[in-house]
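Q: Next comes the sequence, and after it the predicted model I'd like to discuss.
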Amino acid sequence: MSEEVLARMRRKFFPLYLIGLLASLIFLAHLVLNYIYTGKEQYLTLSMLTGLFSAYLAYSLAKLLRTKIPIYSYRKVVRCTQCGYEEEAEAKGGEILFENAGSCPKCGGEMIVQKIYRKKQLKGILG
Ligand SMILES: [Zn+2]
C-alpha cells in the first residue's frame, strides 16, 4: 500500500464508519428508551441487534485506526574526506556510492556519498 492508498482509505472509510456508528448508537438509545417506557419485547430484540451492529462498527473502526503501513524514503549521508564533516539529506535518485558530492562547507575539501539507505516509517490512518 502506498501513502496515496492510505489517504484515500482515510477519506472514504473513516467518516463512513464514524457516521454509521453514531447513527446506530442513537438508534440503539432510542430503542432502549422505547423498551423502558413501553416494556414491549420487540424493542428489546431490536436493540440487541442494533447493539451487535454498533459493536461490529466500533470494532471495524478500531481496526482501521490501528492499521499502520510502512512508508519508505531514501536518505544519503555525504562525508568530507578531509575533515570528516557529515551531512544527511534525502536521496533524489541517481546517487552513486562514493561519488563526488561537491565541496565541504567547513574546509572546502571533497565530499563523497558515504551511505545511501532506505528509511522505514510507519503511518497510521489519521496521519
Ligand atoms: Zn571538510
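A: Arrived safely, thanks for sending. Numbering: from 1, shown residues only.
Q: Stretch 111-127 and the ion in contact?
A: No. Using Cβ under 5 Å from the ion, stretch 111-127 stays clear of the ion, with a minimum separation of 7.4 Å. Every C-beta, even on glycine, is put in place using the N, C-alpha and C of the backbone.
Q: Pull the distance from the worst-scoring helix or strand of the chain on mean pLDDT to the chain's centre.
A: Lowest on mean pLDDT, DSSP states H and E among the helices and strands of the chain sits helix 3-38, with a mean of 87. Put simply, helix 3-38 sits 21 Å off its chain's centre (Cα atoms, centre = their mean, to the nearest Å).
Q: How about stretch 103-112?
A: 39 Å.
Q: Over to stretch 93-112?
A: Distance, centroid of stretch 93-112 to centroid of chain: 35 Å (Cα atoms, centre = their mean).
Q: Name the residues of that stretch that come out as buried.
A: 101, 104, 111-112 (16 or more other Cβ atoms under 10 Å).
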